[in-house]
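J.: prediction below, plus the sequence it came from.
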Amino acid sequence: AAVAALAARSPVPVKLVVHELETAIDVRTAIFYVCGEALVNIIKHAVATTATIRVTATRARVEVEVTDNGAGGADAGRGSGLRGLIDRVEALDGSLRIDSPPGGGTRLTVEIPNARPDRGSVGAVGHPVANRSPGSSRMRIRHDVRGESDPYGRSHRITRGSPR
């Protein structure tokens with residue numbers, strides 16, 4: 001839901017595809033920051049007219065892909081935003097790849113090992129919110145072309161899902 005809110009507030013139209021996402025809070029937090037920083041970079045630097053965020057999770061890993069049709073040329077060595085994302089993702093034993101040829105748009109791909117959702121955050125031992133089991137509060141969020149459209153032409157469908 002937090003990534004959907006980021007996409008909805010973006011001045012650049014964002015197609016959002018999020019599939020069954022059951023992860024620990026530290027992984028969900030990293031996903032949020034990756035998507036947020038990527039959108040900020042698209043808005044500030046890419047001169048893009050569209051963007052896409054895809055988030056998929058399996059038992060083994062979570063993959064986040066953020067693409068745009070902008071100017072390209074993104075470089076983690078030129079600023080602190082992308083470098084900070086790399087550090088955040090690597091702290092979770094993940095990887096971040098940037099494919100951004102000049103004039104060819106940007107594709108940012110993140111892979112993070114998926115942790116059990118009831119494990120809570122790595123650093124949150126004893127924290128009642130971070131270590132609680134998601135239980136019935138778990139939501140399945142799916143954004144695709146079959147939902148209601150907003151003023152930017154993006155489609156959204158959010159449904160409650162039962163825990164697996």
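T.: Perfect, I can see it now.

J.: and the longest helix seen in the chain, what's its mean pLDDT?
T.: When the chain is parsed with DSSP state H, its longest helix is helix 25-41. Mean per-residue pLDDT for helix 25-41: 94.

J.: now for the following helix or strand past it, which elements pack on it?
T.: The element immediately downstream of helix 25-41 (helix or strand, assigned by DSSP states H and E) is strand 51-57. In terms of contacts (3 or more CB pairs under 8 Å, 6 or more residues apart in numbering; DSSP states H and E), strand 51-57 is packed against helix 2-9, strand 14-18, helix 25-41, strand 61-68. Backbone N, C-alpha and C define where each C-beta goes, glycine included.

J.: give me the low-pLDDT residue ranges for this structure?
T.: Per-residue confidence for the chain (pLDDT under 70) gives these ranges: 20-21, 116-164.

J.: go again with 90.
T.: 1, 19-25, 58-59, 75-84, 115-164 (pLDDT under 90).

J.: which ones are touching residue 52?
T.: If a contact means CB atoms under 8 Å, 6 or more residues apart in numbering, then residue 52 has 14, 15, 16, 17, 65, 66, 67, 68 as its contacts.

J.: ok so, going back, what comes up buried for the longest helix of the chain?
T.: Across helix 25-41, burial judged by 16 or more other CB atoms under 10 Å covers 25-31, 34-39, 41.

J.: how about residue 66: what's its closest non-neighbour residue?
T.: Excluding its sequence neighbours, the residue lying closest to residue 66 (CB to CB, 6 or more residues apart in numbering) is residue 38, at 3.9 Å.

J.: please report how far the one you found lies from residue 59.
T.: Applying CB to CB, to the nearest Å, the value for residue 38 to residue 59 is 25 Å.

J.: make TSV from the helices and strands packed on strand 51-57 and add distance to residue 109 to it.
T.: Below are the helices and strands packed on strand 51-57 laid out as TSV (distance: least, CB to CB, whole Å):
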stretch	distance to residue 109
helix 2-9	16
strand 14-18	14
helix 25-41	10
strand 61-68	5
